[in-house]
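Asker: Here is a sequence with its predicted model. Questions after.
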Amino acid sequence: MHNANVVGVDGSESALAAVRWAASDAALHRVPLRLVSVGAGTLPDAARAADETDRHRWLDSATRLAIEIAPRAQVRPELRRGAPGSVLVEESGRARRVIVGIRGLAERTGLPVGSVAELVAMHAACPVAVVRGREPGPAEPSSILVGVDGSRVGEAAVATAFEEASARRVPLVAVHVWMDVAIDPWLPADDGEWEEINETERAVLAERLAGWQEKYPDVEVRRVVERDRPVRYLIEHAENAQLIVVGSRGRGGMTGMLLGSTSRALLHMAPCPVLIARSPNT
């Protein structure tokens, strides 16, 4: 089942939240849904049988939940063996997107985000949604929040954000934060100089959005340009968002980086689900 939403299932509440999000997303975009539960590759026979019993039960519960949310979607439960993160990364090679909860059943609940979620976010070949924080109810339209940095990788985030805003019929808040370090003490500038820089950055944002606004004329776009730190500003403005969309790394990231500092920080701190968009070969 190619071009499907793939969601990790392990019996945790976090995984069920991921199933709910993935099923709603599958129904919204009319794509299949694969529920994947990964058991340890090497177990004694008795332990393996018990593990398979548990995982089939978890998959049954997840399947019922997914069908309840997306009755018209094609839903396929699957039991795999191996390391959960590695299996989901492998699945990402043929998936539309991979969806994971913030932490698994076996991971410490004190951690902001689990090791499997972070591994998948870093190494997946397709977009990854990490479901955390609150989920909007049916009466809460809210918005899509996208970080725009002007990079090639960031272009994938803009494209994905417009698609999501159009499908969900909510406004898009495009945030361009042009200073991510506190340079004031080292680079004196008067208000006029800061405003000149701000105008230049507004033009950068307008240029990045122009073609997409023409492609999605139904999407209401709210532009925000700020001199601030990206993570702090995005988190502060995510209180009214149902989803944050970011690139896998920003314009300040090195080519070899798998996940930029802003994207990684949002996985740990965002108050709503985070979707990490990817361009080919990123």
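Answerer: Good, I have the coordinates. Residues are numbered from 1 along each chain as shown.
Asker: separation between Val225 and Gly8?
Answerer: Look at Val225 and Gly8: by Cβ to Cβ, to the nearest Å, they are 37 Å apart. No exception for glycine: its C-beta is placed from N, CA and C like everyone else's.
Asker: Between the two, tell me which one has more neighbours.
Answerer: More neighbours surround Gly8 than the other of Val225 and Gly8, with 29 against 20 (other Cβ atoms under 10 Å).
Asker: Leaving out the residues flanking it, which one is nearest to that one?
Answerer: Taking Cβ to Cβ, 6 or more residues apart in numbering, and ignoring the residues beside it in sequence, Gly8 has Val100 as its nearest neighbour in space, at 4.9 Å.
Asker: And the contacts of the one helix or strand the one you found maps to?
Answerer: Val100 is part of strand 97-101 when elements are defined by DSSP states H and E. Contacts with strand 97-101, where a contact means Cβ atoms under 8 Å, 6 or more residues apart in numbering, come from 5-8, 12-18, 21-22, 25, 88, 91-92, 114, 116-117, 120-121, 124, 126-132, 275.
Asker: roughly how far is it from the heart of the chain?
Answerer: 8 Å (Cα atoms, centre = their mean, to the nearest Å).
Asker: what's the answer for stretch 11-28, then?
Answerer: Relative to its chain's centre, stretch 11-28 lies at 13 Å (Cα atoms, centre = their mean).
Asker: Kindly format the C-alpha coordinates of it as CSV.
Answerer: Taking only C-alpha atoms (Å, rounded to 0.1, in the frame of the first residue of the first chain), the coordinates of stretch 11-28 have been written out as CSV:
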residue,chain,number,x,y,z
GLY,A,11,-0.7,0.5,22.9
SER,A,12,0.1,3.9,24.4
GLU,A,13,-2.2,6.8,24.7
SER,A,14,0.3,8.8,22.7
ALA,A,15,0.0,6.2,19.9
LEU,A,16,-3.8,6.4,20.0
ALA,A,17,-3.6,10.2,19.6
ALA,A,18,-1.4,9.6,16.6
VAL,A,19,-4.0,7.2,15.1
ARG,A,20,-6.7,9.7,15.6
TRP,A,21,-4.7,12.4,13.8
ALA,A,22,-3.6,10.0,11.1
ALA,A,23,-7.1,8.8,10.4
SER,A,24,-8.5,12.3,10.2
ASP,A,25,-5.7,13.3,7.9
ALA,A,26,-6.3,10.2,5.7
ALA,A,27,-10.0,11.0,5.4
LEU,A,28,-9.2,14.6,4.6
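Asker: Any buried residues in that stretch, and which?
Answerer: By neighbour count with 16 or more other Cβ atoms under 10 Å, stretch 11-28 contains the buried residues 11-12, 14-27.
Asker: Out of these, the closest to Gly247 would be?
Answerer: Comparing the buried residues of stretch 11-28 against Gly247 with Cβ to Cβ places Asp25 closest, at 19.1 Å.
Asker: Which residues are in contact with the closest one?
Answerer: Contacts for Asp25 (Cβ under 8 Å, 6+ apart) come out as 5, 97, 99, 129.
Asker: any idea how far Trp58 is from it?
Answerer: In this view, Asp25 and Trp58 are 20 Å apart by Cβ to Cβ.
Asker: Give the next helix or strand downstream of the least confident helix or strand in the chain by mean pLDDT.
Answerer: Least confident element among the helices and strands of the chain, by mean pLDDT, DSSP states H and E: helix 191-215 (a mean of 80). Toward the C-terminal end, the helix or strand that comes next after helix 191-215 (DSSP H and E) is strand 221-226.
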